[in-house]
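output the structure for:
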Amino acid sequence: PPPSFSPSPPAPPPPVKITQAIAALCDAGATTSNEESSAVTELGKLAVHLPLELDMVRLILLGRAFDCLSDCIVMACFLSYQDPFVITSPLFIRDMQELAKQCNLVYRSKIAFDGGCYSEPLSYLSLFASFLASDQRPSEWCREHSVSVVRLRA
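This next block holds a predicted model:
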């Protein structure tokens, strides 16, 4: 017979942890009250189906309410993943002049996509729109704009 990986089912969490989780869901707006029998809100119902933090689910709900759903989905996805720009580090670039040059290129690219809005979500939206509108091969566009092609495609 195959070996048993779990001789017994996992133990349930302590009651205090369950109470804390219910309170946290209520505070976040996913349930209507701190009671165990409280109703699940629209935010909570959507959050069950999306692998995102509640703040990102809320952004998507607001996007639907304000008729900009696709923009909010793009921003939520970018904010939930690693920074799409190339990482510059002395661990990867030993020559300090080359490191400074690469840091400058990444900074200038971030500023260009920001467009003076001082908003990371809006700069990600601009970056994605520019990427989609480009006629260049994805790898060329990413290299030109100091963006990681691996993170952009993820």
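
which regions of the chain lie under the pLDDT threshold?
The model of the chain has pLDDT under 70 over residues 1-6, 154.

may I ask you to name the longest helix in it?
Looking across the chain with DSSP state H, the single longest helix is helix 96-114.

skip ahead from that one and say which helix or strand is next.
helix 120-133 (DSSP states H and E).

how many neighbours does Leu125 have?
Applying other C-beta atoms under 10 Å, we find 20 residues neighbouring Leu125. The way it works is simple: take the backbone N, C-alpha and C, and place the C-beta from them, glycine included.

correct me, but it touches Ser70?
No: Leu125 sits out of contact with Ser70 when judged by C-beta atoms under 8 Å, with a separation of 9.7 Å.

wait, a strand at Trp141?
No: remark: Trp141 does not belong to a strand; assigned using DSSP: H, G, I helix; E, B strand; the rest coil, it is helix.

hey, where'd the helices end up in the protein?
So, for the chain - with DSSP H - the helices run 15-28, 42-49, 54-65, 69-79, 96-114, 120-133, 138-144, 149-153.

for the fourth one, packing partners?
To tie it back to what came earlier, the one meant is helix 69-79. helix 54-65, helix 120-133 (3 or more C-beta pairs under 8 Å, 6 or more residues apart in numbering; DSSP states H and E).

can you list contacts of the first one?
In other words, helix 54-65. Helix 54-65 is contacted by residues 28-30, 42-43, 46-47, 50, 52, 69-73, 75-76, 79-80 when judged by C-beta atoms under 8 Å, 6 or more residues apart in numbering.

how big is the angle separating it from helix 69-79?
Between helix 54-65 and helix 69-79, the angle formed by their directions is 160 degrees, by axes from the mean of the first three to the mean of the last three C-alpha atoms, to 10 degrees.

for helix 54-65, which positions count as buried?
With burial defined by 16 or more other C-beta atoms under 10 Å, the residues of helix 54-65 counted as buried are Leu54, Met56, Val57, Arg58, Leu59, Ile60, Leu61, Gly63.

for the longest one, same thing?
If you call a residue buried by 16+ other C-beta under 10 Å, then helix 120-133 has these buried ones: Pro121, Ser123, Tyr124, Leu125, Ser126, Leu127, Phe128, Phe131.

distance check, the third one against Asn34.
In this view, Tyr124 and Asn34 are 35 Å apart by C-beta to C-beta, to the nearest Å.

do the same with the fourth one
Distance check for Leu125 against Asn34: by C-beta to C-beta, it reads 36 Å.
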